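Colleague: Below: sequence and its predicted model.
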Amino acid sequence: MAKTETLPDAAGYFGSYGGRYIPETLMAPVEALARAYDKHSRRRAFKKRLAMLLRDFAGRPTPLYLAERLSDQLGGARIYLKREDLLHTGAHKLNNALGQALLAVEMGKGRVIAETGAGQHGVATATAAALLGLDCVVYMGEEDMRRQRPNVYRMQLLGAQVEPVATGSRTLKDAINEALRDWVTKVDSTHYILGSVLGPDPFPRMVRDFHRVIGVEAKRQLKKQAKRSGPDLAVACVGGGSNSIGLFSAFLDDASVRLIGVEAGGRGEALGDHAARFAGGSLGVLHGTKTMLLQDGGGQVAPTHSISAGLDYPAVGPEHALLAERGRVEYTRVSDREAVEAFHRLCETEGILPALESSHALAEAFKRAARLSPKHVVLVNLSGRGDKDVESVQGWDAAHPRVGSQEGVQ
Amino acid sequence: MSAIGEVFARCKAEKRTAFIPFLVAGHPDLETTGKLLDALVAGGADLIELGMPFSDPVADGPVIQAAAQRALDAGMTMSKLLELVATKRDALGVPIVLFTYFNPILARGLERFAEQAAASGIDGVLCVDLPPEEGEREWIPALQARGLDAIFLLAPTSTKERIKKASAASSGFLYYVSRRGVTGEQSLLDPELSKRVKRLRRKLDLPVAVGFGISTPEQAAAVAKVADGVVVGSALVRTIEENLDDPRLAERIEIQARELAAPLGR
């Protein structure tokens, strides 16, 4: 397939996915954003400043960790965890938030807005805004505020205003609706730091580019630590798809690396019970991009469900839609139950508390690693830490008592 | 000339501005929408914008969002909208512009939609999240092949190049968004609005209708001085929302429409 650097095309398309499906009021500002991104992201001073912040402020490179006890217990492949959970603010999201906040400064915008589901992108944006002295408003669905409460106060402590969103399903999709309405109203002064590889061009490529560092580091680290040019399998969870595209981008051209994207299987197969766009979706347009979308026959966007707020979204990044169409990435799904089991397992065997989003990737990786031999390497993007999810898991466990500590994982 | 073009030509000849009320189809239910269409025509509508409700209306403010949700909850679909237009269009005698988001059309299929829309009597379509760039390959040809007008929007942020692009892509009229923002009422119009619309009309051959935020007869009068058409949406939708159980709802809407149309030269 074509090298990723050449995608999207000039109109913002990855094959037949992507584009700019937005109200006219946003078109000229989005065109200006694309020009500003193209200009500044190539400037040496910009790259240098971002690299410095990623290193000294955010803590890059994040470690690549061989989970030995876990690998031994599963009795299969060696599992390496890319520790994005150790990045400042606790998730990969800061890579993109810092990049876009720097861009906002270059564009002379004094105000940034963001949507957030799990709260991690909101916290990352609030952090970048505090660092660079920008006003910050974060839109968050009321349902997500309830289930990710610790992150709400974190954003407020960082000086951001958190705007509850009470429309629709009160989750990530509705937060993006509100952020877009804010942006269309205050577009002269405001940059919208979209938190995933979604939205109109240039967002899908810009957010991907800011997260490329994940895959680039992991590749280098694997070479050094495992003497391998790449893993046999690379696994990441896919909500909008930013952490996964960041990891995968380093391996897309290496056909020997199998790439696995894990969607939220939720509580069942019926429309409304999951967020598995590649299993139950069809071609649609939402939030500025043409991609795979969970919808009813009349083109109304369907409700979604996942225990993980960050994966609870009806559309997927357009580049993922192309990667699925070409068969380069295999997309699969993991249920709420399997994710919680993987969460517990990593806590107990490795002393790492993973985000529920990342737990979806872990669950799939555990299944597949167990079927491989110790000469194989499975790379998992541990995209975030799970402190924010403690209450959710506590609630789940109360409703679903565990029989044995690792029941059902294998 | 299309029926929409004829309306603007007639208004121009009569030295008045077209009155273009907006309704959300199926709000609060399909049967009521039928009666409200009659009321709007009785109240002086020259052209009606009929909105297809969408689950995620990012260009709309709270009033139209709530109306769309109520309509969807009551079971509104594109098929029902097309049937409604098919039964009403001839008797109404005024052109209908469908105002929609793109996804419900994409789900139906562009060609199939265009075929059915034309058969139902719809005169033009405006997709609020479909800029001309995304429409030029399939959408515009699909509409043009059936004699439907493709209407695009312009906004205060539109550059010279974008104005050129939108006017080249549009037929019937151009819809000028009065302000940076979503649909909804406002107490004051942007003081720059008149200047901007005047400047725009000098550059364009197509008529320009102005919408977003025009809610009172005074505001309609001010915009009418510079525009070829005035669109009023949220103010009417609010009246519906606030009088759902009033048996005289249609009468209220007719009166409100008449008040809004009066300063436009009727």
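Modeller: Structure's in. What do you need? Numbers count the residues shown, from 1 in each chain, chains lettered A, B, ... in the order given.
Colleague: does chain B sit close to stretch A:153-166?
Modeller: No: residues of stretch A:153-166 contacting chain B under CB under 8 Å from any CB of the partner chain: none, with a closest distance of 10.3 Å. C-beta: built from backbone N, CA, C; applies to glycine.
Colleague: Convert the C-alpha atoms of that stretch to PDB, please.
Modeller: C-alpha atoms of stretch A:153-166 as PDB (Å, rounded to 0.1, in the frame of the first residue of the first chain):
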ATOM      1  CA  TYR A 153     -11.900  18.200  39.000                       C
ATOM      2  CA  ARG A 154      -8.400  17.700  37.500                       C
ATOM      3  CA  MET A 155      -9.400  19.900  34.600                       C
ATOM      4  CA  GLN A 156     -10.800  22.500  36.900                       C
ATOM      5  CA  LEU A 157      -7.700  22.500  39.000                       C
ATOM      6  CA  LEU A 158      -5.700  23.200  35.800                       C
ATOM      7  CA  GLY A 159      -7.800  26.300  35.200                       C
ATOM      8  CA  ALA A 160     -10.200  24.900  32.500                       C
ATOM      9  CA  GLN A 161     -13.900  25.500  32.500                       C
ATOM     10  CA  VAL A 162     -15.700  22.200  32.200                       C
ATOM     11  CA  GLU A 163     -19.100  22.600  30.300                       C
ATOM     12  CA  PRO A 164     -21.500  19.800  31.000                       C
ATOM     13  CA  VAL A 165     -23.400  18.600  27.900                       C
ATOM     14  CA  ALA A 166     -26.900  17.400  28.500                       C
END
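Colleague: and it, which residues are buried?
Modeller: Residues of stretch A:153-166 classed as buried by neighbour count (16 or more other CB atoms under 10 Å in any protein chain shown): A:Arg154, A:Met155, A:Leu158, A:Ala160, A:Val162, A:Pro164, A:Val165.
Colleague: Run through who's touching that stretch.
Modeller: Stretch A:153-166 has contacts (CB atoms under 8 Å, 6 or more residues apart in numbering or on different chains) with A:116, A:119, A:122-123, A:125-127, A:129-130, A:136-142, A:145, A:152, A:174-175, A:177-178.
Colleague: change it to 7 Å
Modeller: Residues from elsewhere that reach stretch A:153-166 (CB atoms under 7 Å, 6 or more residues apart in numbering or on different chains): A:122-123, A:126-127, A:129-130, A:136-142, A:145, A:152, A:174-175, A:178.
Colleague: next one: stretch A:355-363
Modeller: By CB under 7 Å, 6+ apart, stretch A:355-363 touches A:85, A:91, A:118, A:235-237, A:239, A:262, A:264, A:307-308, A:310-311, A:334, A:338-339, A:341-343, A:346, A:354, A:380-386, A:388-389, A:392.
Colleague: which secondary structure elements does whichever strand or helix holds A:Ile245 contact?
Modeller: Under the criterion of DSSP states H and E, A:Ile245 resides in helix A:242-248. Where contact means 3 or more CB pairs under 7 Å, 6 or more residues apart in numbering or on different chains; DSSP states H and E, helix A:242-248 is packed against helix A:203-226, strand A:233-237, strand A:377-382.
Colleague: Now do the same contact list for the residue nearest to A:Thr127 when sequence neighbours are not counted.
Modeller: Once flanking residues are discounted, A:Thr127 sits nearest to A:Thr89: 5.2 Å by CB to CB, 6 or more residues apart in numbering or on different chains. A:Thr89 sits next to A:Val123, A:Ala124, A:Thr127 when contact means CB under 7 Å, 6+ apart.
Colleague: From the chain's centroid, how far away is stretch A:176-188?
Modeller: A distance of 21 Å separates the centroid of the chain from that of stretch A:176-188, by CA atoms, centre = their mean, to the nearest Å.
Colleague: Skipping adjacent residues, who's closest to whichever residue of the stretch 51-200 of chain B sits closest to chain A in space?
Modeller: Residue of the stretch 51-200 of chain B nearest chain A, by CB to the nearest CB: B:Ala107 (3.0 Å). Nearest non-adjacent residue to B:Ala107, counting by CB to CB, 6+ apart: A:Gly299, 3.0 Å away.
Colleague: Let me see the confidence value for the nearest residue to B:Asp46 once chain neighbours are set aside.
Modeller: Nearest non-adjacent residue to B:Asp46, counting by CB to CB, 6+ apart: B:Ala18, 4.1 Å away. Here, the pLDDT recorded for B:Ala18 equals 98.
Colleague: thought B:Ala18 was touching B:Ile48?
Modeller: No: judged on CB atoms under 7 Å, B:Ala18 makes no contact with B:Ile48 at a distance of 10.8 Å.
Colleague: Return the distance of stretch A:330-337 from the chain's centre.
Modeller: Distance of stretch A:330-337 from the chain centroid (CA atoms, centre = their mean) equals 15 Å.
Colleague: Need the residues that contact it.
Modeller: The contact list for stretch A:330-337, computed with CB under 7 Å, 6+ apart, reads A:238, A:258-267, A:274, A:276, A:278-279, A:306-307, A:324, A:360, A:363-364.
Colleague: Show me which of those residues are buried.
Modeller: A:238, A:258-266, A:274, A:276, A:278, A:306-307, A:324, A:360, A:363-364.
Colleague: Filter those down to just the ones in strands.
Modeller: A:Arg258, A:Leu259, A:Ile260, A:Gly261, A:Val262, A:Glu263, A:Ala264, A:Gly265, A:Gly266 (DSSP state E).
Colleague: before we move on, what SS does the closest residue to chain B within chain A have?
Modeller: Chain A approaches chain B most closely through A:Gly299 (3.0 Å), counting by CB to the nearest CB. Here A:Gly299 is coil, with the state taken from DSSP: H, G, I helix; E, B strand; the rest coil.
Colleague: Which pLDDT does the model give the spatially closest residue to A:Val184 that is not a sequence neighbour?
Modeller: Closest residue to A:Val184 apart from its sequence neighbours, by CB to CB, 6+ apart: A:Thr25 at 5.0 Å. The model reports A:Thr25 with a pLDDT of 96.
Colleague: How about the one 5 residues further on?
Modeller: At A:Val30 the predicted local distance difference test score is 97.
Colleague: surely it meets A:Tyr21?
Modeller: No: in this structure, A:Val30 is not within contact of A:Tyr21 by CB under 7 Å, at 10.8 Å.
Colleague: Report the set of residues contacting both of these two.
Modeller: Residues touching both A:Val30 and A:Tyr21 (CB under 7 Å, 6+ apart) are A:Pro200.
Colleague: Secondary structure of the residue nearest to A:Val184: a strand, I assume?
Modeller: No: read with three-state DSSP, A:Thr25 is helix and lies in no strand.
Colleague: can you give me how far the helix-or-strand element of chain B with minimal mean pLDDT is from the chain middle?
Modeller: Taking mean pLDDT, DSSP states H and E as the measure, chain B has helix B:193-203 as its least confident helix or strand, at a mean of 94. Put simply, helix B:193-203 sits 20 Å off its chain's centre (CA atoms, centre = their mean).
Colleague: So is that helix next to chain A?
Modeller: No: Helix B:193-203 does not reach chain A (CB under 7 Å from any CB of the partner chain); its nearest approach is 12.8 Å.
Colleague: Give me the buried positions along that helix.
Modeller: By 16+ other CB under 10 Å, the buried positions in helix B:193-203 come out as B:Leu193, B:Ser194, B:Arg196, B:Val197, B:Leu200, B:Arg201.
Colleague: Please report the number of neighbouring residues for A:Ile113.
Modeller: By the criterion of other CB atoms under 10 Å in any protein chain shown, A:Ile113 has 25 neighbours.
Colleague: The stretch 151-266 of chain B: helices as residue ranges?
Modeller: Ranges of helices in the stretch 151-266 of chain B, per DSSP state H, counting those that start in this stretch, are B:160-169, B:193-203, B:217-224, B:234-242, B:249-261.
Colleague: Throw these into a markdown table and include distance to A:Trp183, thanks.
Modeller: Listed next are the helices of the stretch 151-266 of chain B as a markdown table, based on distance: least, CB to CB, whole Å:
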| stretch | distance to A:Trp183 |
| --- | --- |
| helix B:160-169 | 17 |
| helix B:193-203 | 21 |
| helix B:217-224 | 25 |
| helix B:234-242 | 20 |
| helix B:249-261 | 30 |
